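1. structure of the sequence below:
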Amino acid sequence: MWSLYSDSHRGFCIEFDPSPEHTLFWEAFKVIYQEEYPTVNIMDIGKADEFRKALLTKSIHWKNREEWRILKTEQEGGPGLKEFLPELLTGVIIGALMRDEDRNNLLTWIKQYPTKINIYQAKLNERKYQLDIIPFPEP
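-> Okay, the predicted model is just below:
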């Protein structure tokens, strides 16, 4: 997903603790991966099951993404910026091709964050079609 959602490895990925109940991340839904399109009754789209089925189903080809989604109706606050407790942000993965200036700015921000954040570096594997996520060396 780095090439799709992180500016071709030049961005970063953030990690949250989803375990505390009644937080934004605790409410996330696991994406359903399947071969066929879901059958959704548009007349029942206001019902939770139909709403989720329509918004949580993706092709089996994306299964390795292991995605979770947070769904909020207009009545629940809808899309947009959301606040969270600082301690729920637990990690940052620096993209494999992030520019030095951007990495330095990110590291400066992390040092000023009120709670500890684990820092990782994504590395392009030299032998396999994969990314290796390794701990970032402590400064």
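2. for the rest of this, base every contact and every neighbour count on C-alpha atoms.
-> OK.
3. show me where the chain has its strands.
-> 12-16, 29-30, 32-34, 57-59, 68-69, 89-94, 118-124, 131-135 (DSSP state E).
4. using TSV, please lay out these together with distance to residue 6, mean neighbour count and mean pLDDT.
-> Below are the strands of the chain laid out as TSV (distance: least, Cα to Cα, whole Å; neighbours: other Cα atoms under 10 Å; pLDDT from 0 to 100):
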stretch	distance to residue 6	mean neighbour count	mean pLDDT
strand 12-16	6	16	93
strand 29-30	21	14	92
strand 32-34	22	17	95
strand 57-59	20	16	94
strand 68-69	17	14	91
strand 89-94	10	19	96
strand 118-124	12	18	95
strand 131-135	13	14	93
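5. using CSV, lay out those strands together with distance to residue 104.
-> Output for these, formatted as CSV (distance: least, Cα to Cα, whole Å):
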stretch, distance to residue 104
strand 12-16, 12
strand 29-30, 33
strand 32-34, 37
strand 57-59, 36
strand 68-69, 29
strand 89-94, 11
strand 118-124, 13
strand 131-135, 16
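6. out of those strands, flag the one nearest residue 79.
-> strand 68-69 (11.7 Å; Cα to Cα).
7. for the closest one, packing partners?
-> Strand 68-69 sits against strand 29-30, with contacts defined as 3 or more Cα pairs under 8 Å, 6 or more residues apart in numbering; DSSP states H and E.
8. what strands flank the strand it packs on, and is each parallel or antiparallel?
-> strand 68-69 (antiparallel) (DSSP bridges).
9. contacting residues around the strand it pairs with?
-> 28-31, 56 (Cα atoms under 8 Å, 6 or more residues apart in numbering).
10. between the two ends of stretch 107-124, how far is it?
-> End-to-end distance for stretch 107-124, by Cα to Cα, to the nearest Å: 21 Å.
11. tell me the buried residues in stretch 100-120?
-> Residues 103, 107, 110, 117, 119-120 are the ones in stretch 100-120 that count as buried (16 or more other Cα atoms under 10 Å).
12. which one of the residues you listed is nearest residue 46?
-> residue 117 (38.6 Å).
13. circling back: right, and the strands of the chain - which one's nearest residue 43?
-> strand 57-59 (18.3 Å).
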